[in-house]
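Participant: for reference, the sequence and a predicted model appear below.
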Amino acid sequence: MLQQLFTPSVQHALDLIGIFVFAISGALMAVRKNFDVFGIAVLAEVTALGGGVFRDLVIGAVPPAAFTDLGYFLTPLLAALLVFFLHPEVERIQTAVNVFDAAGLGLFCVAGTTKAYEYGLGLTASAALGVATAVGGGVLRDVLANEVPSLLRWDRDLYAVPAMVGTALVVLCIRQDALTPLTSGLAAITAFVLRLLAMHFHWRAPRAWHRRSSAVEVEERTQERTQKATA
Amino acid sequence: MLQQLFTPSVQHALDLIGIFVFAISGALMAVRKNFDVFGIAVLAEVTALGGGVFRDLVIGAVPPAAFTDLGYFLTPLLAALLVFFLHPEVERIQTAVNVFDAAGLGLFCVAGTTKAYEYGLGLTASAALGVATAVGGGVLRDVLANEVPSLLRWDRDLYAVPAMVGTALVVLCIRQDALTPLTSGLAAITAFVLRLLAMHFHWRAPRAWHRRSSAVEVEERTQERTQKATA
Amino acid sequence: MLQQLFTPSVQHALDLIGIFVFAISGALMAVRKNFDVFGIAVLAEVTALGGGVFRDLVIGAVPPAAFTDLGYFLTPLLAALLVFFLHPEVERIQTAVNVFDAAGLGLFCVAGTTKAYEYGLGLTASAALGVATAVGGGVLRDVLANEVPSLLRWDRDLYAVPAMVGTALVVLCIRQDALTPLTSGLAAITAFVLRLLAMHFHWRAPRAWHRRSSAVEVEERTQERTQKATA
């Protein structure tokens, strides 16, 4: 069994920060998609709480924390309100979504892995669920916004890999019995910085072999041209 | 603890009516999307039972009622059959979807809030889960139909607000110890009528500030024109 | 109560085969959508494990088998790796997706129905959950790929019906107390072969009446022409 990682109040504060930054990313996506104020609130809630609710359902921690802790429910509404009145200029929205999303990614991959392990899952399953916690909210956000999840697209900078690295560091610390607030904070920051670097240098993952000059690709390029032409 | 709100048979009948009207809305959406008879049945089931299954998973009431009560499973099939043979003229489908959907919205926001509270959730969490129960099926319907959920779109009439008002009335009644069949019926009817009024007068919610003349909006208007032109 | 259907090792091997073939179908879809290597892995995992995770959440078997059995988690990664390096020529991808998907459909409708019944669900609910287990992964795959699920489309060959027939055979065997490895194997093969026949002869299900010459259909045909023209 894992000893209590942080004092409860510190853990709670970190959770709320992770929820807040993910909620900002969801609310900004809602603004970009031109949703109304309720759409902004819903997308903020789903993005912030979706990954954690999935994790809690999987490990059998029902009702999920999102439905027992009032702060978890109210924080996304605060984020939605802020975005509603203060959202940045339209041109800068995508960058802001990505930076806040990266911070949430780092915090959630650590918290997700740790909680799954505390509930008795094996190390591999805890790592998988940690990554799912981190990326789940964003995938739900993109599905509700009717877009192909960024997570899956080859033309988006690395997203899962930073979460995997952060998760791997947490698992390594657990195995070495060295999971402290410091080491798990470092794991979260590593994932965050890796994601920022991936965005800055446009690190991308390879696609399947023989895809370079395939017919499908040509077709897609044509579609993109068509979309640009009509936009 | 809440005393039994209705006699079991009355509660069951109301549940089945809510399931039936939501199933009609799902089946009509399937017709509009040109799905086949199995697509109609699946979309009827998912729309009718999706919100309740989510609620039951969250509160830990497994297996969800949808999988233990044969009536819950068969009612959407009946609705799908009716729509398959008797669906109204194509032009009138969207209105019919909306009216049936409004009736389900009223019934489910009351039933969802009440059941969540009975399972020990706090008042705020019960209200949130009640709204999620009411809107969840419709969101799943729209996601499966590959459309942006009506719930989120600014150019759709108020949808979440009527459910929130109905839910707030239920929570108020619980706090005042005044939740009776009469008062919860009134809450359901209030939500239903508010939704009908919202549709009739095209009540809409505001979008984020500074969105009026943004570049994105212009782009979207262009896309809409293009879509209309190609349709 | 059902006696243990297979020796655990045989059951486990069948589960892994079903997971493997569904994962192949998910990975090939990811290649078709031009996702990167992580998108391929994620879609392989979701397609292979999605239906089973849903079933386990519904019957309260948490954590789901997908998170307790390392083999369930690693098998989709192996499938993703194979597809990444060896995926067939682009033109043949869709056929390969469909054949592997059909094999998974047969294996999963049997396994899903049996497990649901073992957890105490009624025969109808077990059958419904068996079909949901079989089609759930594919629906999630299509939703994440931002496509209308094949399951629902009228212009796709019968998909749910083969799963329903296989499930019905399992339920019949349970009622007759005749569920053996042989009979459930036959049920799985029946579903598989029916799906292959449906694809070969383009068996399709009817749409709602009066849809033949409707305005919507005309509109859709126009859209299709437009899409073909721009492609």
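Facilitator: That came in fine, so what should we check first?
Participant: what's the distance between A:Leu77 and A:Ile40?
Facilitator: 10 Å (CB to CB, to the nearest Å). Glycine gets a C-beta too; all of them are placed from N, C-alpha and C.
Participant: so the two - more neighbours on which side?
Facilitator: Neighbour tally, A:Leu77 and A:Ile40, criterion other CB atoms under 10 Å in any protein chain shown: the higher count belongs to A:Ile40, 31 against 16.
Participant: and the more buried one, how far is that from B:Pro206?
Facilitator: A:Ile40 is 10 Å from B:Pro206, by CB to CB.
Participant: what do you get for A:Gly122?
Facilitator: 49 Å.
Participant: doesn't A:Gly51 belong to a helix?
Facilitator: Yes - assessed by DSSP: H, G, I helix; E, B strand; the rest coil, A:Gly51 belongs to a helix.
Participant: per-residue confidence at the nearest residue to it once chain neighbours are set aside?
Facilitator: Residue nearest to A:Gly51 in three dimensions, not counting chain neighbours: A:Gly136, with 3.3 Å by CB to CB, 6 or more residues apart in numbering or on different chains. A:Gly136 is assigned 94 on the pLDDT scale.
Participant: ditto for the one 4 residues further on
Facilitator: We have a pLDDT of 95 for A:Leu140.
Participant: same check, this time on A:Ala27
Facilitator: For A:Ala27, the model assigns a pLDDT of 91.
Participant: wait, doesn't it sit right on A:Val46?
Facilitator: No - with contact defined as CB atoms under 8 Å, A:Ala27 does not count as touching A:Val46 (10.6 Å).
Participant: output the lowest mean pLDDT helix or strand found in chain A.
Facilitator: None of the helices or strands of chain A scores lower by mean pLDDT, DSSP states H and E than helix A:215-230, at a mean of 49.
Participant: got any residues that touch both of A:Leu77 and A:Ile40?
Facilitator: The contact sets of A:Leu77 and A:Ile40 do not overlap (CB atoms under 8 Å, 6 or more residues apart in numbering or on different chains).
Participant: re the thing from before, A:Gly122 and B:Pro206: who's more crowded?
Facilitator: Between A:Gly122 and B:Pro206, counting by other CB under 10 Å, A:Gly122 is the more crowded of the two (16 against 11).
Participant: which residues touch that one?
Facilitator: C:68, C:70.
Participant: same question for A:Ala160.
Facilitator: So A:Ala160 contacts A:131, A:135, A:151, C:38, C:42 (CB under 8 Å, 6+ apart).
Participant: which of those residues has the weakest pLDDT?
Facilitator: Least confident entry in the contacts of A:Ala160, by pLDDT: A:Leu151, with 87.
Participant: doesn't that residue belong to a helix?
Facilitator: Yes - secondary structure of A:Leu151, determined by three-state DSSP: located in a helix.
Participant: with respect to chain B, which of the contacts of A:Ala160 is nearest?
Facilitator: A:Leu151 (16.6 Å; CB to the nearest CB).
Participant: where do the helices sit along chain A?
Facilitator: Under the criterion DSSP state H, helices of chain A are mapped to A:8-32, A:37-59, A:70-86, A:93-118, A:123-144, A:160-175, A:181-200, A:215-230.
Participant: least reliable of those by average pLDDT, please.
Facilitator: helix A:215-230 (a mean of 49).
Participant: for chain A, what lies in contact range of chain B?
Facilitator: A:30-40, A:42-43, A:53, A:57, A:62-64, A:67-68, A:70, A:73, A:83-85, A:87, A:89-91, A:143-146, A:230-231 (CB under 8 Å from any CB of the partner chain).
Participant: which ones, among those residues, also lie beside chain C?
Facilitator: Among those, chain C is touched by A:57, A:143, A:146 when using CB under 8 Å from any CB.
Participant: just the buried ones from these?
Facilitator: A:57, A:143 (16 or more other CB atoms under 10 Å in any protein chain shown).
Participant: of the ones next to chain C among the residues of chain A next to chain B, closest to A:Phe108?
Facilitator: For those, the minimum distance to A:Phe108 (CB to CB) is 15.7 Å, reached by A:Leu57.
Participant: please report how far that closest one lies from A:Ala132.
Facilitator: 11 Å.
Participant: repeat for A:Phe73
Facilitator: Taking CB to CB, one finds A:Phe73 at 21 Å from A:Ala132.
Participant: quick one, which of these two is more surrounded?
Facilitator: A:Ala132 (25 against 20).
Participant: list the contacts of the more buried one.
Facilitator: A:51, A:54-55, A:112.
Participant: try 7 Å
Facilitator: A:51, A:54-55 (CB atoms under 7 Å, 6 or more residues apart in numbering or on different chains).
Participant: most neighbours, which of those?
Facilitator: A:Gly51 (31 neighbours).
Participant: any idea how far it is from C:Ala23?
Facilitator: Taken as CB to CB, the span from A:Gly51 to C:Ala23 is 22 Å.
Participant: just A:Met29 next, same as before
Facilitator: 30 Å.
Participant: who's more crowded, those two?
Facilitator: Neighbours per residue, other CB under 10 Å: of A:Met29 and C:Ala23, the larger number sits with C:Ala23, 30 against 26.
Participant: that one is in contact with C:Leu49, isn't it?
Facilitator: No - C:Ala23 is not in contact with C:Leu49 according to CB atoms under 7 Å; the separation is 8.4 Å.
Participant: mutual contacts of those two, please.
Facilitator: C:Pro76.
Participant: give me the number of residues near A:Phe201?
Facilitator: 10.
Participant: ok so, going back, report the contact partners of the residue nearest to A:Gly51.
Facilitator: So A:Gly136 contacts A:50-51, A:54 (CB under 7 Å, 6+ apart).
Participant: for these, which one is nearest chain B?
Facilitator: Distance to chain B across those (CB to the nearest CB) is lowest for A:Phe54, with 10.3 Å.
Participant: give me the nearest residue to that closest one, chain neighbours excluded.
Facilitator: A:Gly136 (5.0 Å).
Participant: and the nearest residue to A:Ala41 once chain neighbours are set aside, what is it in contact with?
Facilitator: In this structure, A:Ala41 finds its nearest non-sequential neighbour in A:Ala80, 4.4 Å apart by CB to CB, 6+ apart. A:Ala80 makes contact with A:23, A:27, A:40-41, A:44, according to CB under 7 Å, 6+ apart.
Participant: can you check A:Gly60 too?
Facilitator: Counting by CB under 7 Å, 6+ apart, A:Gly60 has contacts C:62-63.
Participant: tell me the phi and psi of it?
Facilitator: phi 80, psi 20 (degrees, to the nearest 10).
Participant: now the one 3 residues further on
Facilitator: Dihedral pair for A:Pro63: phi -60, psi 150, per degrees, to the nearest 10.
Participant: mind listing what it touches?
Facilitator: B:58-60, B:121.
Participant: which one of those sits closest to chain C?
Facilitator: B:Gly60 (8.2 Å).
Participant: quick check: the closest residue to A:Ala191 other than its chain neighbours vs chain B, distance?
Facilitator: Distances taken as CB to CB, 6+ apart place A:Gly166 nearest to A:Ala191, at 3.0 Å, with adjacent residues excluded. Per CB to the nearest CB, to the nearest Å, A:Gly166 is found 27 Å from chain B.
Participant: these two touch, right, A:Gly166 and A:Ala188?
Facilitator: Yes - counting by CB under 7 Å, A:Ala188 is a contact partner of A:Gly166 at 6.2 Å.
Participant: looking at those two, which has the bigger crowd around it?
Facilitator: Shown here are A:Gly166 and A:Ala188; by other CB under 10 Å, A:Gly166 has more neighbours (33 against 24).
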